[in-house]
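J.: Build me a structure from this.
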Amino acid sequence: VMTYLQYSDGLAIPIVLFLAVVGPEIVCHDLRARVLPLYFSRPIKRTDYPLAKLLAMATALFIVMATPLVVQYLGAVFTTEDGLDGIWAETEKVAPILVSAVVHALVLAALGLAIASFTPRWPYAIGGILAWYVVTLALTGILFGVLASQSENGEPEASWPALLTPFGMLNGFQNAALGVEPSPTDAGSY
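T.: Here you go, the predicted model:
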């Protein structure tokens, strides 16, 4: 039903919901209970705490993104009729997408944690993360609509509005890294 490449587009909403729920869970407890001085009472580097939180969030997000890909890959491998050639072909298809999932997880986790770290209150952090993605997606859609209405063929001639939303940038990166023709609504050559 869905190719490996279309996967990240199809999971944008569940990924945002996961970020909105888990991001505040990771940072709001520490901010609200004011335990950061306790962490820093031990000899750790200044970057250890945020890197640990980022890696925890990125790992959780990668597991959420990669598990269905691995299940789909295993299903394709076990049902192939081409033997080792079929297994190798599926491996060549899924490997770059898994690497792209790592990049997606790192970038989206960093943005989600950065937004959640502005407040110790869960509802505000959840609302902030959801608002960021909803507002940027809506603004991007509006700008693409305006650009499409001004073009002669009905397609937007510029792809810079995709830079306003993380998913547009990440999908543009994925398409550029894989040598796939960019869609009209991703960051393209940017």
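J.: State the mean pLDDT of the helix or strand containing G168.
T.: Assigned by DSSP states H and E, G168 falls within helix 166-178. For helix 166-178, mean pLDDT is 80.
J.: in that helix, what's buried?
T.: 166-175 (16 or more other Cβ atoms under 10 Å). In short, each C-beta sits where N, CA and C put it, glycine included.
J.: Now tabulate those residues in TSV and tack on distance to M65.
T.: Below are the buried residues of helix 166-178 laid out as TSV (distance: Cβ to Cβ, whole Å):
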residue	distance to M65
P166	14
F167	12
G168	17
M169	16
L170	11
N171	13
G172	18
F173	15
Q174	12
N175	17
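J.: just curious, which of those residues is nearest to A114?
T.: Checking those against A114 with Cβ to Cβ, the nearest one is P166 at 11.4 Å.
J.: Hmm, the closest one is touching A110, no?
T.: No: at 9.5 Å, P166 does not count as touching A110 under the criterion of Cβ atoms under 8 Å.
J.: Can you check the pLDDT for P96?
T.: So P96 comes in at 86 (pLDDT).
J.: any idea which helix or strand carries it?
T.: Per DSSP H and E: helix 84-116 holds P96.
J.: quick one, what contacts the residue most central in space within the chain?
T.: By Cα atoms, centre = their mean, the chain has its centre lying nearest to H104, at 3.8 Å. H104 makes contact with 8, 15, 61, 65, 170, 174 under the criterion Cβ atoms under 8 Å, 6 or more residues apart in numbering.
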